[in-house]
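1. with the input below, show me the fold.
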Amino acid sequence: MGESLEERQTGRTEAFSDGVFAFAITLLVINLKDPGLSPGVDLFRGLLNEWPAFFALVTTFFTVLVMWVGHHNMFTFIRQLDTKLMFANGLLLLVVVLTPFATILVADNLLTSQAREAATVYAGLFLALSVIWNGLWYSLSRRKLIRKNIDERFIRSLGRQYSVGPLFYVFALVVSYFNALASVVIILLAAVFFAITASIPKSSRTP
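-> So this is what the prediction gives:
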């Protein structure tokens, strides 16, 4: 049996989104430099001095990876999209592609006097992403655009799970004023939480 129009719509949107996620993850490595290129710098010591860049890269890579998994899972629940929701998804992807810039900002300033400002931008970006994400899911569930074979209790449970995101990121935003590194760690912990709780109900795996 061929795909329905709704399936083709969601499939194309998910394919486009996958490409954006892949592009954002690829861009994360642009801040890494070979310390051995600088004259008089020991390679091993130079790599150790690059730890803020590596830490920010690993943190953001894992966070974007978890977001991609969550986005993929969300699209397994969707039976139909309209223009408004596609634009909302595009807004979500806009924030995703800004994460490499925020990562560079944190990596370059984590050990400087500008660490607080950089961490604030970093946490604020993830807060914006979580707000858009929750808005997208709320709109999908409220307008009954989720597959009918998904249990209503699971939909409500997933909504509660998503609502934890803004709490994490508001906390990270507040902490960034006092300790930039702790703020980045909180964002990493949020990614760990969503990685552990990510799931797809069995009923959604069958057509």
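2. and stretch 88-95, how far out from the chain middle?
-> Put simply, stretch 88-95 sits 11 Å off its chain's centre (CA atoms, centre = their mean, to the nearest Å).
3. in that stretch, what counts as buried?
-> By neighbour count with 16 or more other CB atoms under 10 Å, stretch 88-95 contains the buried residues 88-89, 92-93, 95. Using the backbone N, CA and C atoms, a C-beta is placed for each residue, glycine as well.
4. quick one: mean pLDDT over that stretch.
-> The average pLDDT for stretch 88-95 rounds to 92.
5. can I get it in PDB, CA atoms only?
-> Taking C-alpha atoms only, stretch 88-95 is exported to PDB below (Å, rounded to 0.1, in the frame of the first residue of the first chain):
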ATOM      1  CA  ALA A  88       6.900  26.000  14.300                       C
ATOM      2  CA  ASN A  89       9.200  23.100  13.600                       C
ATOM      3  CA  GLY A  90      11.300  25.400  11.500                       C
ATOM      4  CA  LEU A  91      11.600  27.800  14.400                       C
ATOM      5  CA  LEU A  92      12.700  24.900  16.600                       C
ATOM      6  CA  LEU A  93      15.400  24.000  14.000                       C
ATOM      7  CA  LEU A  94      16.600  27.700  13.900                       C
ATOM      8  CA  VAL A  95      17.500  27.400  17.600                       C
END
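6. distance of Phe178 from Ala172?
-> Phe178 sits 11 Å away from Ala172 when distances are taken as CB to CB, to the nearest Å.
7. I am finished for the moment; much appreciated.
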